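1. predicted model and sequence below, questions to follow.
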Amino acid sequence: MSIEWSDLRVFLALAREGSLTAAARRLGVSHPTVARRIKALEEAIGARLFDRLPDRFAITAAGEELLADVQAMDSAAESIHRRSAGLTDTAHGTVRISAGEAMMDFVAHHLPRLRRGMRCVELELVSSHRLANLSRREADLLIRENAQDLAGIVTRKLGRVAHCVYAHPELVPDDTAPETLRGLPWLGFDDDHAYMAGQHWVMALLAGARPAVRVNNWLVLREAARAGIGLAVLPCFMGDADPGLTRIGQPIDEAATDQWLLVHRDLRVLPRVRAVMDALVALFQEERAAIEGTRERTRRTPPREPALVAG
């Protein structure tokens, strides 16, 4: 019996996804290719691996037995892939960084400083809300709000990001009393992104009412606020740096978020990954005042800035 590893990878993808379409998308192949490879694998093994149901592929008992071994093989292949990167001995090559769009906007703004002394390292910046799989090297480094307890993942705290209310200067109220703020137009995130920093505070302020304009992206939220559509909670490093926005009140305590740098333990010893990690840590330390919202502002601010209270 001859079994190709490529066929086993298709089997693993279908077992994880449960449908031909999703498995094909995961593997970057066509729908018929997945079906053909599964059929060939079943013929080679001499057992049915999936029950074809109307809405999904359900793994059989024989498939479950095979799945454990294939998962072990997949883990070993991933480890070899990660460790093979360490066979190069210099700080040359590509480092892929994944972060949400607000944090990636911050990183991109400071690229000249970040790349100082690393001209031989190429950077790939991936803006995504999705948590990239470090074990599969979907990214080399992650910047995220949560230091997830995952096997093989090493974390380091970068800093604590403050958030505040911002608006076009013409929308800035004379006072920041909750009843005054409640009567102004607001911007926010849609239901799928209600977990974003500051959104629970906005909903509490509006007594359950929804912002009139809702988005799924921090950069779009900033643009809408700059256009004068309404008030929005933004990271201070984003709002303070924008000359078209004025800060209203003080940073919102409950909206503050920690930022963590995540890396797989097999990759953190690579010279190029280590160099980028050190540069990111230094950048966050140097920009601590901007990130924490304590940097002195020179633009127009409201005459009174009491702490915002949802009330």
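-> Structure received.

2. these two touch, right, L131 and A139?
-> No - counting by Cβ atoms under 8 Å, L131 stays clear of A139, with 9.3 Å between them. From N, CA and C alone the C-beta is placed, and that goes for glycine too.

3. neighbour count for the two, which is higher?
-> Taking neighbours as other Cβ atoms under 10 Å, L131 and A139 compare with A139 leading, 23 against 15.

4. can you confirm the more buried one is in a strand?
-> No - looking at A139 with DSSP: H, G, I helix; E, B strand; the rest coil, it is coil, so not inside a strand.

5. pretty sure L261 is touching T155, no?
-> Yes - under the criterion of Cβ under 8 Å, L261 makes contact with T155 at 6.9 Å.

6. let me see the ranges of the helices in this structure.
-> Taking DSSP state H to define them, one finds helices in the chain at 5-17, 20-27, 31-45, 61-84, 101-109, 111-114, 178-182, 199-205, 218-226, 236-239, 271-286, 288-292.

7. of all the ones you listed, which lies closest to T94?
-> The closest of the helices of the chain to T94 is helix 271-286. By Cβ to Cβ, the value is 7.8 Å.

8. can you show me the CA trace of that closest one as PDB?
-> What follows is helix 271-286 as a C-alpha-only set of coordinates in PDB (Å, rounded to 0.1, in the frame of the first residue of the first chain):
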ATOM      1  CA  PRO A 271      18.600  36.100  14.200                       C
ATOM      2  CA  ARG A 272      16.200  37.900  11.900                       C
ATOM      3  CA  VAL A 273      13.200  37.200  14.200                       C
ATOM      4  CA  ARG A 274      15.100  38.200  17.300                       C
ATOM      5  CA  ALA A 275      16.200  41.500  15.600                       C
ATOM      6  CA  VAL A 276      12.600  42.400  14.700                       C
ATOM      7  CA  MET A 277      11.400  41.500  18.200                       C
ATOM      8  CA  ASP A 278      14.000  43.700  19.800                       C
ATOM      9  CA  ALA A 279      13.100  46.500  17.500                       C
ATOM     10  CA  LEU A 280       9.400  46.300  18.300                       C
ATOM     11  CA  VAL A 281      10.100  46.200  22.000                       C
ATOM     12  CA  ALA A 282      12.300  49.300  21.700                       C
ATOM     13  CA  LEU A 283       9.700  51.100  19.600                       C
ATOM     14  CA  PHE A 284       7.000  50.500  22.100                       C
ATOM     15  CA  GLN A 285       9.200  51.700  24.900                       C
ATOM     16  CA  GLU A 286      10.200  54.900  23.000                       C
END
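
9. distance from the chain centre to that helix, please.
-> 18 Å (Cα atoms, centre = their mean, to the nearest Å).
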